[in-house]
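Participant: heads up, no residue letters with this:
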Ligand SMILES: C[S@@+](CC[C@H](N)C(=O)[O-])C[C@H]1O[C@@H](n2cnc3c(N)ncnc32)[C@H](O)[C@@H]1O
């Protein structure tokens, strides 16, 4: 429902008994629309839980996304929803559904080709050479905030296609995480539509997918290379278990955070990287003013951050 219209309607309808309009009485506690005060409280609650920051200009978006959740729960007001969600923080019953409702999950295969090119031609050969010297045979990659899996599966296909044939003695582990449980479920299933594959070189599509009508089904050997977990990048405690990664892609998620939550997430990721490891962030994202712990490394048409 258009909440602005609803508000207007309520304020101008005369009371059947008195004939007076209810302006002031109804609007004072009209939590079906999100008052500025309630928006601020909901925004702060969401921010505390996952670092996503809704600016004032995104109030309409939060309203629209939560209104569906309220309807599903048959909760009538945003205030009641805030009470419900806050009360379930410890049991974690509502948080997954809240995260599912508010996150934006846009992604596709081979999203930023220069990053994958740098990974294949420079970074992995360099890391493999270093790790081999130390007798380490497993390379660990992480697609942080992977949505429905296109990014970690792109890594997996590159490894099968380009890396494994050159380094058959090496093992590769790829982890994908997200806070949205619905997209993770889709990632595990590995079935995609045209939208996801639109940037993928034809060769990969033919070799690593089968097609059924408008569905593209990822081969089992690619799926076997990736493990998906539900993990909140903003949760410093949960992030402590994520250690010794050689390469992390954390793309197109920092844009949803503010400076403080970016710092928190980047510091968590810094601790997850091993020595001489690399971090990629999104094309339009930057660590400028966020962290000085990384060295910027230039590759053809892209950059990465290196922990030294
Ligand atoms: C726009 S998608 C980016 C997907 C992929 N990395 C890419 O670049 O194509 C952003 C993802 O970040 C996830 N996300 C947002 N906040 C998160 C958090 N605190 N922890 C983990 N994932 C988060 C969202 O659920 C969403 O799937």
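Facilitator: Perfect, I can see it now. None of the values given here were measured: they were computed from a predicted structure.

Participant: and residue 262, what is it in contact with?
Facilitator: Each residue near residue 262 by CB atoms under 8 Å, 6 or more residues apart in numbering is listed here: 51, 254, 290. All C-beta atoms are positioned from the backbone trio N, CA, C, and that covers glycine.

Participant: so which of the residues you listed comes closest to the ligand?
Facilitator: Each of the contacts of residue 262 was checked against the ligand using CB to the nearest ligand atom; the closest is residue 51, at 5.1 Å.

Participant: roughly how far apart are that closest one and residue 166?
Facilitator: Distance, residue 51 to residue 166, by CB to CB, to the nearest Å: 38 Å.

Participant: so which strand or helix has residue 305?
Facilitator: Assigned by DSSP states H and E, residue 305 falls within strand 302-307.

Participant: hmm, back to that, out of the contacts of residue 262, which touch the ligand?
Facilitator: residue 51 (CB under 6 Å from any ligand atom).

Participant: would you list the contacts of residue 262 in TSV and tack on neighbour count, secondary structure and pLDDT?
Facilitator: Converted to TSV, the contacts of residue 262 look like this (neighbours: other CB atoms under 10 Å; DSSP: H, G, I helix; E, B strand; the rest coil; pLDDT from 0 to 100):
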residue	neighbour count	secondary structure	pLDDT
51	23	coil	98
254	22	helix	98
290	20	coil	96
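
Participant: distance of the most centrally placed residue in the chain relative to residue 184?
Facilitator: For the chain, the residue nearest the mean C-alpha position is residue 145 (3.4 Å; CA atoms, centre = their mean). Here residue 145 is placed at a distance of 11 Å from residue 184 (CB to CB).

Participant: which bits of the stretch 201-308 of the chain sit near the ligand?
Facilitator: Contact residues (CB under 6 Å from any ligand atom) of the stretch 201-308 of the chain with the ligand: 232-234, 251-253, 256, 282.

Participant: mind doing that once more with 5 Å?
Facilitator: 232-234, 251-253 (CB under 5 Å from any ligand atom).

Participant: which residues are in contact with residue 202?
Facilitator: For residue 202, the contact set (CB under 8 Å, 6+ apart) is empty.

Participant: ok, now how distant is it from the ligand?
Facilitator: Distance, residue 202 to the ligand, by CB to the nearest ligand atom, to the nearest Å: 20 Å.

Participant: all helices for the stretch 201-308 of the chain, in order.
Facilitator: With DSSP state H, counting those that start in this stretch as the criterion, the stretch 201-308 of the chain has helices at 202-208, 220-223, 236-239, 259-272.

Participant: closest to residue 175 out of the ones you listed?
Facilitator: Residue 175 lies closest to helix 259-272 among the helices of the stretch 201-308 of the chain, at 10.0 Å (CB to CB).

Participant: the closest one vs strand 302-307, what angle?
Facilitator: 70 degrees (axes from the mean of the first three to the mean of the last three CA atoms, to 10 degrees).

Participant: from the chain's centre, how far out does helix 259-272 sit?
Facilitator: Its chain's C-alpha centre and that of helix 259-272 lie 14 Å apart, by CA atoms, centre = their mean, to the nearest Å.

Participant: so for that helix, mean pLDDT?
Facilitator: On average, the pLDDT along helix 259-272 is 98.

Participant: quick check: mean pLDDT of stretch 109-129?
Facilitator: 98.

Participant: what about that stretch, distance to the chain center?
Facilitator: Stretch 109-129 sits 21 Å away from the centroid of its parent chain (CA atoms, centre = their mean).

Participant: stretch 128-143 now?
Facilitator: In terms of CA atoms, centre = their mean, the centre of stretch 128-143 is set 26 Å apart from its chain centre.
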